[in-house]
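[1] Okay, sequence plus prediction incoming.
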Amino acid sequence: RPLANPGLSSVERGRLVRELAAQIHLGPSGEPVTVSRASLDRWIRSWRAGGFDALIPAERQVSPRTDDGLHGPLVAGRRAVLFALLDDHSRYVVGYRWGHGEDTLGMQAALHDAVKTHGCPQRLYCDNGAAYASGQLAWSAAVLDIKLVHSRPGKPQGRGKIERWNRTVRDQFLVEIDHDGRACEVGSLTELNRLFTAWLHQQYHRCVHSETGATPIERYHADGRARPPRPDPALLRRAFLWREQRRVTAVATVSLHGNRYQVDPALVGRTIDLLFTPFDLTVIEVEYQGRAMGRAVPHTIGRHVHPAVKPDAA
């Protein structure tokens, strides 16, 4: 809105555009977003031509798509969803997690297990769903030096391997916990993950894959194959903390999801990184330009967990 001020000179407006384009802003759903200079300039032109109504986005034409995760049995009355990460060369499953919902937490849980056990891949090829396009997943990948590669919208051919894997899970695992053709009720996510782990390592990894001609476990552990590096514990922890940026007020405070925190007075007026686990908003680590600046001291706490954390999240 400040850019539309008719009293700004061209130099002042250009400086403000550059400042806004360099910042990370809070999106409508609480996610971090950036806006390019071209977009800002286009919005200003639209505002001048037609006011607020000219800024309303055109209605999107959304084409049908498949679900991002594999939907499984009912657990505690809710549909369970599987996130799985496959090694492209061997089809070995390096990370997985059954949870509730296709969200960033589920995807990060699967990725965390994968890199902790098997190391950091050079590239992570994934869908364009919200769980894969989140700023938090992008932050995790950036810290671990993993390049995120998203499949092209409307081009499902690139997702053929994971779709084939999903069909294998349905035909070989889900059918085993299905009674008389009806979806059964599993007692807990812990039980579902335990059953899935047993099937994965005792059956799937030890059966010859129709395309590779070898078992996933043999092909993955083949002699001479380079092993991706494993991150040290400190780097792994930092990668899976959530990150949001805030500008420090004149009284050295920042706000995060309705909570207010006190930070180092030397940071007044600066944009800082807040690192935290979404399960506990009382502990916030502060960084400025990649340097640790201690912890933010809770001042007013009304919310203890991130809005993305559901009440039954594990």
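    Good, I have the coordinates. Remember, predicted model here, so these are calculated numbers, not experimental data. Numbering: from 1, shown residues only.
[2] Any stretches of the stretch 101-250 of the chain with poor pLDDT?
    The model of the stretch 101-250 of the chain has pLDDT under 70 over residues 154-158, 178-185.
[3] now the strands: where do they sit in this protein?
    All strands of the chain, identified by DSSP state E, fall at 25-26, 32-33, 70-75, 78-86, 93-100, 123-126, 147-150, 185-186, 242-247, 253-256, 259-262, 271-277, 280-288, 291-300.
[4] which of those is buried the deepest?
    strand 93-100 (a mean of 22; mean count of other CB atoms under 10 Å). Using the backbone N, CA and C atoms, a C-beta is placed for each residue, glycine as well.
[5] Now that one: average pLDDT?
    Across strand 93-100, the average pLDDT comes to 92.
[6] As a check, name the ranges of all helices in the stretch 151-300 of the chain.
    Using DSSP state H, counting those that start in this stretch, the helices of the stretch 151-300 of the chain run over residues 160-168, 189-202, 216-220, 233-239.
[7] Pick the most buried one from those helices.
    helix 216-220 (a mean of 18).
[8] Got the phi and psi for Pro231?
    When read as degrees, to the nearest 10, the backbone of Pro231 gives phi -70, psi 150.
[9] To Ala110, which of the helices of the stretch 151-300 of the chain lies closest?
    When those are compared by CB to CB, helix 189-202 sits nearest Ala110, at 10.9 Å.
[10] now the helices of the stretch 151-300 of the chain as CSV including distance to Val251?
    Output for those, formatted as CSV (distance: least, CB to CB, whole Å):
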stretch, distance to Val251
helix 160-168, 50
helix 189-202, 44
helix 216-220, 55
helix 233-239, 28
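[11] looking at the ones you listed, which is closest to Val263?
    Closest to Val263 of those is helix 233-239 (CB to CB; 18.5 Å).
[12] who wins for proximity to Gln108 among the helices of the stretch 151-300 of the chain?
    Of all the helices of the stretch 151-300 of the chain, it is helix 233-239 that lies closest to Gln108, at 9.2 Å by CB to CB.
[13] what's the neighbour count on Ile146?
    Ile146 is flanked by 20 other residues according to other CB atoms under 10 Å.
[14] Contact partners for it?
    Going by CB atoms under 8 Å, 6 or more residues apart in numbering, Ile146 touches Val115, Cys120, Pro121, Gln122, Arg123, Leu124, Ser140.
[15] Distance of Arg15 relative to Trp47?
    Remark: distance between Arg15 and Trp47 (CB to CB, to the nearest Å) = 19 Å.
[16] Between these two, which is the more surrounded one?
    A count of neighbours by other CB under 10 Å puts Trp47 above the other of Arg15 and Trp47, at 16 against 12.
[17] Find the nearest non-adjacent residue to the more buried one, please.
    Distances taken as CB to CB, 6 or more residues apart in numbering place Ala4 nearest to Trp47, at 5.2 Å, with adjacent residues excluded.
[18] Give me the local confidence score for that neighbour.
    Value listed for Ala4 in the pLDDT field: 78.
[19] got it, and the one 3 residues further on?
    At Gly7 the predicted local distance difference test score is 83.
[20] Can we start the residue count at 58 from this point?
    Yep, numbering from 58; the last one is Gly64 now.
[21] Quick one: closest of the helices of the stretch 208-357 of the chain to Ser93.
    Closest of the helices of the stretch 208-357 of the chain to Ser93 is helix 290-296, at 26.4 Å (criterion: CB to CB).
[22] buried sites along stretch 70-77?
    Arg70, Val74, Leu77 (16 or more other CB atoms under 10 Å).
[23] what's the model's confidence in that stretch, averaged?
    For stretch 70-77, the mean pLDDT works out to 88.
[24] Off-centre distance for it?
    Its chain's C-alpha centre and that of stretch 70-77 lie 29 Å apart, by CA atoms, centre = their mean, to the nearest Å.
[25] neighbouring contacts of that stretch?
    Contact with stretch 70-77 is made by Pro59, Leu60, Leu65, Val92, Arg94, Leu97, Asp98, Ile101, as judged by CB under 8 Å, 6+ apart.
[26] Verify the stated contact: Leu168 with Val151.
    No: if you go by CB atoms under 8 Å, Leu168 and Val151 don't touch, sitting 9.4 Å apart.
[27] Nearest the middle, which residue of this protein would you pick?
    Taking CA atoms, centre = their mean, the centroid of the chain lies closest to Leu194, which sits 3.1 Å from it.
[28] Contact partners for that one?
    Counting by CB under 8 Å, 6+ apart, Leu194 touches Thr161, Met164, Gln165, Leu168, Ala188, Leu205.
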